[in-house]
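Peer 1: Sequence unavailable; structure follows:
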């Protein structure tokens, strides 16, 4: 079992627990002046008024916008190919069958 | 106990089959009694599967001949080949049976509450059990035509389950599409069976394998089988139906339907290794599988990344993760006739691919259930409408994190362990494949970060302030798969040694598979 001999998740978990305990100890020593329920616990928004919950949450469609723009030349044809039409699905299936058949037979002849 | 072990191959199929027909009758008496009966039937099936697997790992390949005086008598007196139905269970069959039994139990426990709002629950459970029959039968049978029959049972029950919530238009459409592509795929496979029967006068896989000449007709049959099973397992470029069908399927059925795709993937491996083996052009077929794997990984993850429907996003990851399995096993197939390469990395690649199968069955099944838990409570699958659910659905959030970290290959989770095996072995074969696999893993993490950020973090949204955690049975269903994921994460070496290497070795030992039925081993 050569691949897994060096991989011991238990060791990693023990290391994680040690780091967690140290972090919690360190955290428990911080900011004695903090009072819960006061403005100290409010959201800090660079000094601006904090928007309502609905405006504050970054929505799914806003994420990775730059990546999709950069990959437009890949995404446009790929998304277009996903037509949702079952006839197209069957054409792909039969096309794949034919292609696999030709490749397998020709490879055996060579 | 010995009798139970002796008959375990047929019991693993017969228990859910009989339960499927008894369930509607019991359901007429009491819905509570029906729920208990279905859970008890699947728990019994899991018990029988564990007995069977233990026997296979201790003794070796199990033969079970239906209708024979002794179940181990595959070939009747005065005959040259098997003429009865034969179940043949080796390490691969045992692995897939364990996966099926665990996932079926978890999905059904989850369904007890999640399906309550729907009408026709008796039919639902009957169909669900028939789906389990189809999956289990595909894993255990040693007969080509029997495999076709189980494939049909799987397809029909799967299509009916996908379309079960008929009030959703996309559910009916998804079920129809699944039925269409499954029918054409099954006909391709039937044509291949006809080719074999015409040439070799046999339907038993081992009998055909022992007589295999790899003629042009066999090559045509290979193309038909490859196309049919790769389509059924959802590999690119015949994956189109997968998001349409799996997305609207009822909550608890999602991981079981995923297990059906994995069953078809395992059937592909069975055909390639045990039926054809070294007689075919290994480099060509190996590279066909590898290319299908790489395409599945990349197209699956890139399409997942841009989805805003949480279930559809996760379903595209079904395609992507199957790419890893195809990649690992494809590399092993490509070097099958090269003993040095096989020993150096081929066996490891196959084991990595199979390890990823069991890991995915559990953590991907878990993720699909968490998506349905959100839908159950919020009434929407749209990530743009979600936010802050980590505050109120803490258990679902915790289960999601376990599944998301595992599928993204973050240590110490089991997804990391199986991906590491695939990376290391494919790197020795072709480093470019490893680089692609690594990029796909990063994109997987990005995709699930998006889901976590959109659904679970952020401020508590006013419209969901009254939302509560899902009921206990749904938590139990998710908990079972989460526990399985954590167990494998903690003890990967134990799992690999106990059930993965025997499965990989079963694929490599073609002569053993043949001689278990035909004798002469």
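Peer 2: Arrived safely. These numbers come from a predicted model, not from an experiment.
Peer 1: Tell me if the helix or strand hosting residue B:102 is near chain A.
Peer 2: In this assignment (DSSP states H and E), residue B:102 forms part of helix B:91-114. No - Helix B:91-114 does not reach chain A (CB under 8 Å from any CB of the partner chain); its nearest approach is 15.6 Å. Every C-beta, even on glycine, is put in place using the N, C-alpha and C of the backbone.
Peer 1: What residue, apart from its backbone neighbours, is nearest residue B:370 spatially?
Peer 2: residue B:400 (4.3 Å; CB to CB, 6 or more residues apart in numbering or on different chains).
Peer 1: and the helix or strand encompassing the one you found, how far out from the chain's middle?
Peer 2: Assigned by DSSP H and E, residue B:400 belongs to helix B:394-407. Distance, stretch centre to chain centre, for helix B:394-407: 21 Å (CA atoms, centre = their mean, to the nearest Å).
Peer 1: Tell me which residues are up against that helix.
Peer 2: Applying CB atoms under 8 Å, 6 or more residues apart in numbering or on different chains, the contact partners of helix B:394-407 are B:317, B:321, B:359-360, B:363-364, B:366-367, B:369-370, B:373-374, B:389-390, B:413-416, B:444, B:448, B:451-452, B:455-456, B:469-470, B:475, B:478-479, B:481-482, B:485-486, B:489.
Peer 1: could you redo the last one with a cut-off of 6 Å?
Peer 2: Here helix B:394-407 makes contact (CB atoms under 6 Å, 6 or more residues apart in numbering or on different chains) with B:363, B:366-367, B:370, B:373, B:390, B:413-415, B:448, B:456, B:469, B:475, B:478, B:482, B:485.
Peer 1: Determine the number of other residues adjacent to the nearest residue to residue B:283 once chain neighbours are set aside.
Peer 2: In this structure, residue B:283 finds its nearest non-sequential neighbour in residue B:334, 5.6 Å apart by CB to CB, 6+ apart. Residues near residue B:334, counting by other CB atoms under 10 Å in any protein chain shown, number 24.
Peer 1: Relative to residue B:69, how far out is residue B:334?
Peer 2: Distance of residue B:334 to residue B:69, computed by CB to CB, to the nearest Å: 43 Å.
Peer 1: Check residue A:1 and give its pLDDT.
Peer 2: Residue A:1 carries a pLDDT value of 45.
Peer 1: what do you get for residue A:27?
Peer 2: Taking residue A:27 on its own, its pLDDT is 87.
Peer 1: Can you tell me the SS state at it?
Peer 2: Taking DSSP: H, G, I helix; E, B strand; the rest coil as the rule, one finds residue A:27 in the helix state.
Peer 1: Ok, the one 5 residues further on next?
Peer 2: For residue A:32, the assignment made with three-state DSSP gives coil.
Peer 1: Name the residues of chain A found near chain B, please.
Peer 2: A:3-4, A:9, A:12-13, A:53, A:56-57, A:59-61, A:63, A:86, A:89-90, A:92-93, A:96-97, A:100-101, A:104-105, A:107-108 (CB under 6 Å from any CB of the partner chain).
Peer 1: Show only the entries of these found in helices.
Peer 2: Using DSSP state H, the subset of the residues of chain A next to chain B located in helices is A:9, A:12-13, A:53, A:56, A:86, A:89-90, A:92-93, A:96-97, A:100-101, A:104-105, A:107-108.
Peer 1: What number of residues are in the vicinity of residue A:33?
Peer 2: 5.
Peer 1: swap in residue A:61?
Peer 2: Count around residue A:61 with other CB under 10 Å applied: 15.
Peer 1: Residue B:303 too?
Peer 2: By other CB under 10 Å, neighbour count at residue B:303 equals 24.
Peer 1: try the one 4 residues further on
Peer 2: The number of residues packed near residue B:307 is 22, by other CB under 10 Å.
Peer 1: List the buried residues in the lowest-mean-pLDDT helix or strand in chain A.
Peer 2: Every helix and strand of chain A was ranked by mean pLDDT, DSSP states H and E. The lowest is helix A:53-56, at a mean of 74. By neighbour count on 16 or more other CB atoms under 10 Å in any protein chain shown, the buried set for helix A:53-56 is residue A:53.
Peer 1: quick one: contacts of that helix?
Peer 2: B:459, B:461.
Peer 1: Downstream of that helix, the next helix or strand is which one?
Peer 2: Counting by DSSP H and E, what follows helix A:53-56 is helix A:65-70.
Peer 1: just checking, what packs against that next one?
Peer 2: Helices and strands touching helix A:65-70, by 3 or more CB pairs under 6 Å, 6 or more residues apart in numbering or on different chains; DSSP states H and E: there are none.
Peer 1: For the next helix or strand after that helix, what is the distance to the chain centroid?
Peer 2: Using DSSP H and E, the next helix or strand after helix A:65-70 towards the C-terminus is helix A:72-81. For helix A:72-81, the separation from the chain centroid amounts to 20 Å (computed by CA atoms, centre = their mean).
Peer 1: what bits of chain B have low per-residue confidence?
Peer 2: B:520-521 (pLDDT under 70).
Peer 1: please redo it, this time with the cut-off set to 50
Peer 2: Scanning chain B for pLDDT under 50 picks out nothing.
Peer 1: What are the boundaries of the strands in it?
Peer 2: Listed in chain order, the strands of chain B (DSSP state E) span residues B:62-65, B:86-89.
Peer 1: Redo the ones you listed as CSV? Include mean neighbour count.
Peer 2: Listed next are the strands of chain B as CSV, based on neighbours: other CB atoms under 10 Å in any protein chain shown:
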stretch, mean neighbour count
strand B:62-65, 23
strand B:86-89, 26
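Peer 1: how about the residues of chain B near chain A?
Peer 2: Counting by CB under 6 Å from any CB, chain B sits next to chain A at B:177, B:180-181, B:184, B:219-220, B:222-223, B:226-227, B:231, B:237-238, B:240-241, B:281, B:284, B:308, B:348, B:383-384, B:387, B:411-412, B:421, B:424, B:450, B:454, B:458-459, B:461, B:489-490, B:492-493.
Peer 1: Just want to check the distance between the spatially most central residue of chain B and residue B:342.
Peer 2: Nearest to the geometric centre of chain B sits residue B:262, at 2.3 Å (CA atoms, centre = their mean). Between residue B:262 and residue B:342 the computed distance is 24 Å (CB to CB).
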